[in-house]
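>>> starting from these lines, generate the structure:
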Amino acid sequence: MKNILPFMKSDPVVNVVRLQGAITTTGRGLDDPGLAAVLQKAFTKGRPKAVALQINCPGGSPVQSSLIAARIRRLSQEKNVPVYAFVEDVAASGGYWLACAADEIYADQGSIVGSIGVISAGFGLHDLIGRYGVERRVHTAGTSKSMLDPFRPEKEEDVTRLKGWLDDLHGIFIAYVKSRREAHLDDDPAIFSGEVWIGQKAVDKGLVDGLGHLIPVMKAEFGDKTRFRRYGPKKSLFQRLGARIIGDAIGTVEDRAAFARFGL
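Take a look at the predicted model:
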């Protein structure tokens with residue numbers, strides 16, 4: 001009735017978006033295209049007092065992390081709606097990048113937070129294929145086209161080039177965190193070393209603003225009558241019926257591997 005009659009004051013609304021899983025480029029995890037419509041609705045439907053992000057994310061693609069965070073900031077400014085992040089098990093690497101899109105960040109006492117760094121991992125298989133008499137044949141136009149080929153011995157110049165890329169990405173990550181959190185961060189170089197902190201220690205380092213959970217923090221901010229509306233991507237009929245069993249299974253393995261880095 002309050003929403004129908006304009007002269008009656010409506011209860012405050014907080015729209016909630018859950019950011020669960022690794023940030024990927026495959027469409028099986030968190031990515032900007034998949035979250036675009038969800039975030040748009042969260043910032044516009046029901047005249048929200050705030051948007052709350054429930055984050056449980058071990059990281060992933062730096063570009064998708066940047067795109068999602070930029071979209072959150074853009075919508076927050078356009079709609080004049082503040083953003084609060086609530087960390088569950090982990091907000092690490094790209095997951096912390098997403099958390100920094102919020103105006104305030106809260107965590108559980110057991111949450112894992114940080115890992116402000118960049119990683120590249122792979123395998124060297126040249127000895128394996130040589131053992132079975134397999135010959136690798138690669139023809140390129142361009143001296144760097146076949147760099148970091150896992151079926152060839154690692155080259156020092158390729159590793160040097162890769163480390164340069166990682167340093168560039170790390171610098172971008174650091175600059176973003178400082179742009180959002182510099183006034184809160186402790187003066188400790190370890191913050192940008194890839195290290196993680198748990199709960200209160202993350203508060204002490206300035207990575208998060210306090211310990212707290214979504215509903216009590218939002219009710220303390222906007223009143224006991226605050227209502228919560230949840231927004232998330234809709235699954236297709238085929239996904240609901242399990243038609244993408246193989247793809248979903250691969251995505252689950254990738255997701256578990258990403259969380260396993262933090263003992264989860």
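
>>> neighbours around residue 98, how many?
Look at residue 98: counted by other CB atoms under 10 Å, it has 26 neighbours. In this view, the C-beta of every residue, glycine as well, is placed from N, C-alpha and C.

>>> what backbone torsions are found at it?
phi -60, psi -40 (degrees, to the nearest 10).

>>> so how far is residue 200 from it?
Here the criterion is CB to CB, to the nearest Å. By it, residue 98 lies 22 Å from residue 200.

>>> in this structure, where's the longest strand?
If you go by DSSP state E, the chain has its longest strand at strand 83-92.

>>> chain center to that strand: distance?
A distance of 9 Å separates the centroid of the chain from that of strand 83-92, by CA atoms, centre = their mean, to the nearest Å.

>>> list the neighbouring strands of that strand plus their orientation.
strand 50-57 (parallel), strand 104-107 (parallel), strand 112-114 (parallel) (DSSP bridges).

>>> nearest to residue 167, out of the ones you listed?
strand 112-114 (18.7 Å; CB to CB).

>>> need the residues that contact the closest one.
Contacting residues not belonging to strand 112-114 are listed as 87, 89-92, 96, 99, 107, 191, 194-198, 202, 205, 207-208, 262, 264 [CB atoms under 8 Å, 6 or more residues apart in numbering].

>>> stretch 115-131 now?
Residues outside stretch 115-131 that contact it (CB under 8 Å, 6+ apart): 59, 62, 92-93, 96, 135-136, 148, 150-154, 162, 166, 169-170, 173-174, 177, 191-196, 262.

>>> of these, which belong to helices?
Members of these lying in helices (criterion: DSSP state H): 62, 96, 162, 166, 169, 170, 173, 174, 177.

>>> what subset of those residues is buried?
Buried members of the ones in helices among the contacts of stretch 115-131, counted by 16 or more other CB atoms under 10 Å: 62, 96, 169, 170, 173, 177.

>>> neighbours of residue 79, how many?
15.

>>> where exactly do the strands run in the chain?
With DSSP E as the criterion, the chain has strands at 13-20, 50-57, 83-92, 104-107, 112-114, 196-198, 210-211, 227-231.

>>> how deep is residue 95 tucked in, by neighbour count?
Counted with other CB under 10 Å, residues neighbouring residue 95 total 32.
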